[in-house]
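Colleague: give me coordinates for this.
(4 chains)
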2 protein chains.
Amino acid sequence: MSQLDTVNRILDAAEVLFAERGFTETSLRTITSTAGVNLAAVNYHFGSKKELIQAVFERFLTPFTANLDKELTRRQAQLEQSPEEQLQVDDLLQSLYRVALAGLAKEGRDPKRFMGLLGLAYTQSQGHLRRFIVSRYGASYRRFAGQLANALPQVDPVTFYWRLYFMLGATIFSLSSFDAIEAILREDFGAESSLEETLARLAPAAAAMLTAPVPKES
Amino acid sequence: MSQLDTVNRILDAAEVLFAERGFTETSLRTITSTAGVNLAAVNYHFGSKKELIQAVFERFLTPFTANLDKELTRRQAQLEQSPEEQLQVDDLLQSLYRVALAGLAKEGRDPKRFMGLLGLAYTQSQGHLRRFIVSRYGASYRRFAGQLANALPQVDPVTFYWRLYFMLGATIFSLSSFDAIEAILREDFGAESSLEETLARLAPAAAAMLTAPVPKES
DNA sequence: GTCTATACCCGGATAGAC
DNA sequence: GTCTATCCGGGTATAGAC
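Modeller: The predicted structure is shown next:
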């Protein structure tokens, strides 16, 4: 078996098992036996379980942020051509969601699994994953936040950043539990929801939150 | 040492350590040595680590939902006296946030630590904890959701429930990371934020999200 | 350079002595 | 009710086979 095979077999098994059970609930022994490789292969190729977790995220986040950056560049160029045009926060969010996730799907990477892993990343990591993501992909995040802030000149910076975190929370929590929430709504109302439809619900809701009038200090 | 002391010493130590490090990162040996009790005491008094986790949440959630229920009852009675009055989603959310958290603080239980633990509960994909919370406190949650839905007759049920999850995500995510976000904003803008001020920002933002016009199906 | 077997040590759980 | 001893599963390091 070539090195590339072993590495990818481990990543494939780890990605699915982590998304299904969480990080600590998934043992290296389960991963390696699922992948059909030796236990020590994880330590040899990745160094530690933490670094394996980071590698799983890297395989999602690198194409994801590449697509995001491409879309941000396209919008920035468009804006410079016609600067008088009204910025549509709703439209900005929805096209970003769509482009970034569609890009993942095109490469055969399951967007729902990605969102599930992202949900885990925000709490189940005792910091190492957060630090890895921020140091590796922080520039794209800040660029996205900057464009969004520019589209909301009437909102003061502190309020904007709190609302940005509110939006991130709404996005990550609801999309990371997409399958569970969808199942509940399907049972209660017989209404099926696709990921695309949910993003089409989320974008205007998040936009309404961001653009809400800022209450005076009381 | 009396049984009550042992149980409470374990709960006190576990609550602080869980909030600081997460569930799996906190060993029973650390908890018991911090509490000054024997390792086997946890298994004897609680049965397992999972049940200890549930007991920590129970100590927060029982007074929390009691306060929530009291406020919901007060509002319902008020509504029956003057049914013509316009329902204010913003005001509803803020008074609920305030009442439930203030009630915790009055009993000497730290609301920020509670929010941090709640964040862990929703993301560390501990199925047992989710099931425990739903079975134990689901009735209060459904009552809260019902009052909120009544205040939003113009929003169809499926959109309402998605938005409810968006709101829960925004609330739990941002409040569970309150200290971290607050530190970033304080450094970048020199603006300190209290938990109360943040709730005063969150309530109108969440209300704007819930009350946003529902886009037509495309 | 890759892979495997194995030997740690830590953490949760439990049986049985007291 | 409390403590000691022990078991078993999990992450990691390493020696050595290929």
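
Colleague: which SSE is A:Ala208 in?
Modeller: Following DSSP states H and E, one finds A:Ala208 within helix A:195-211.

Colleague: what residues sit buried inside that helix?
Modeller: A:195, A:197-211 (16 or more other C-beta atoms under 10 Å in any protein chain shown). From N, CA and C alone the C-beta is placed, and that goes for glycine too.

Colleague: from the residues you listed, which is closest to A:Asn67?
Modeller: A:Leu199 (14.4 Å; C-beta to C-beta).

Colleague: quick check: which element contains the closest residue in space to the closest one that isn't next to it in sequence?
Modeller: Among residues not flanking A:Leu199 along the chain, A:Tyr97 sits closest, at 4.5 Å (C-beta to C-beta, 6 or more residues apart in numbering or on different chains). Using DSSP H and E, A:Tyr97 sits in helix A:89-106.

Colleague: my read: A:Pro111 touches A:Leu104, true?
Modeller: Yes - the pair A:Pro111 / A:Leu104 is scored as a contact, 5.0 Å apart, by C-beta atoms under 8 Å.

Colleague: and the residue nearest to A:Leu199, how many residues sit next to it?
Modeller: Number of residues near A:Tyr97 (other C-beta atoms under 10 Å in any protein chain shown) recorded here: 22.

Colleague: gap between it and A:Leu202?
Modeller: The gap separating A:Tyr97 from A:Leu202 is 7 Å, by C-beta to C-beta, to the nearest Å.

Colleague: what do you get for A:Ser140?
Modeller: Per C-beta to C-beta, A:Ser140 is found 20 Å from A:Leu202.

Colleague: for chain A, which spans come out with low pLDDT?
Modeller: A:1-4, A:83-87, A:123-126, A:217-218 (pLDDT under 70).

Colleague: can you give me the helices in it?
Modeller: Secondary structure of chain A by DSSP state H: the helices cover A:3-21, A:28-35, A:40-46, A:49-81, A:89-106, A:111-121, A:128-150, A:157-176, A:178-189, A:195-211.

Colleague: and those helices as TSV, adding distance to B:Gln81?
Modeller: As requested, the helices of chain A are exported to TSV (distance: least, C-beta to C-beta, whole Å):
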stretch	distance to B:Gln81
helix A:3-21	51
helix A:28-35	60
helix A:40-46	65
helix A:49-81	52
helix A:89-106	39
helix A:111-121	43
helix A:128-150	44
helix A:157-176	34
helix A:178-189	32
helix A:195-211	31
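
Colleague: for B:Phe46, find the nearest of those.
Modeller: Judging the helices of chain A by C-beta to C-beta, what sits closest to B:Phe46 is helix A:3-21, at 23.5 Å.

Colleague: buried sites along that closest one?
Modeller: For helix A:3-21, using 16+ other C-beta under 10 Å, the buried residues are A:6-7, A:9-11, A:13-19.

Colleague: and these near DNA strand C, which?
Modeller: A:Thr6 (C-beta under 7 Å from any atom of the strand).

Colleague: re earlier: who are the packing partners of the helix holding A:Tyr97?
Modeller: For helix A:89-106, the packing partners by 3 or more C-beta pairs under 8 Å, 6 or more residues apart in numbering or on different chains; DSSP states H and E come out as helix A:49-81, helix A:111-121, helix A:128-150, helix A:195-211.

Colleague: any chance of the ones you listed in TSV, with distance to B:Asn38 too?
Modeller: Output for those, formatted as TSV (distance: least, C-beta to C-beta, whole Å):
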stretch	distance to B:Asn38
helix A:49-81	31
helix A:111-121	34
helix A:128-150	32
helix A:195-211	50
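
Colleague: out of these, flag the one nearest DNA strand C.
Modeller: Closest to DNA strand C of the helices and strands packed on helix A:89-106, according to C-beta to the nearest atom of the strand: helix A:49-81, at 13.6 Å.

Colleague: gap between that closest one and the chain center?
Modeller: 10 Å (C-alpha atoms, centre = their mean, to the nearest Å).

Colleague: how about it and chain B, any contact?
Modeller: No - counting by C-beta under 8 Å from any C-beta of the partner chain, chain B has no neighbours in helix A:49-81; the shortest distance is 12.1 Å.

Colleague: quick one: check that helix for contact with DNA strand C.
Modeller: No - shown here: helix A:49-81 not in contact with DNA strand C (C-beta under 7 Å from any atom of the strand), separated by at least 13.6 Å.

Colleague: list the buried residues for that helix?
Modeller: Neighbour count says helix A:49-81 has A:49, A:51-61, A:63-65, A:67-69, A:71-72, A:75 buried, by 16+ other C-beta under 10 Å.

Colleague: ok, stretch A:25-39 next?
Modeller: Within stretch A:25-39, the residues scored as buried using 16+ other C-beta under 10 Å are A:25-26, A:28, A:31-32, A:34-35, A:37.

Colleague: stretch A:141-161 now?
Modeller: Within stretch A:141-161, the residues scored as buried using 16+ other C-beta under 10 Å are A:143-144, A:147-148, A:151-152, A:155, A:158-161.

Colleague: mind putting the residues you listed in TSV, distance to DNA strand C included?
Modeller: Listed next are these as TSV, based on distance: C-beta to the nearest atom of the strand, whole Å:
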residue	distance to DNA strand C
A:Arg143	36
A:Phe144	37
A:Gln147	41
A:Leu148	41
A:Ala151	47
A:Leu152	45
A:Val155	44
A:Val158	40
A:Thr159	41
A:Phe160	41
A:Tyr161	36
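
Colleague: out of the helices of chain A, nearest to B:Asp188?
Modeller: Of all the helices of chain A, helix A:157-176 comes closest under C-beta to C-beta, at 7.8 Å.

Colleague: what helices and strands are in contact with the closest one?
Modeller: Judged by 3+ C-beta pairs under 8 Å, 6+ apart, helix A:157-176 is in contact with helix A:111-121, helix A:128-150, helix A:195-211, helix B:157-176, helix B:178-189, helix B:195-211.

Colleague: so which of the ones you listed comes closest to DNA strand D?
Modeller: The nearest among those, by C-beta to the nearest atom of the strand, is helix A:128-150 at 10.2 Å.
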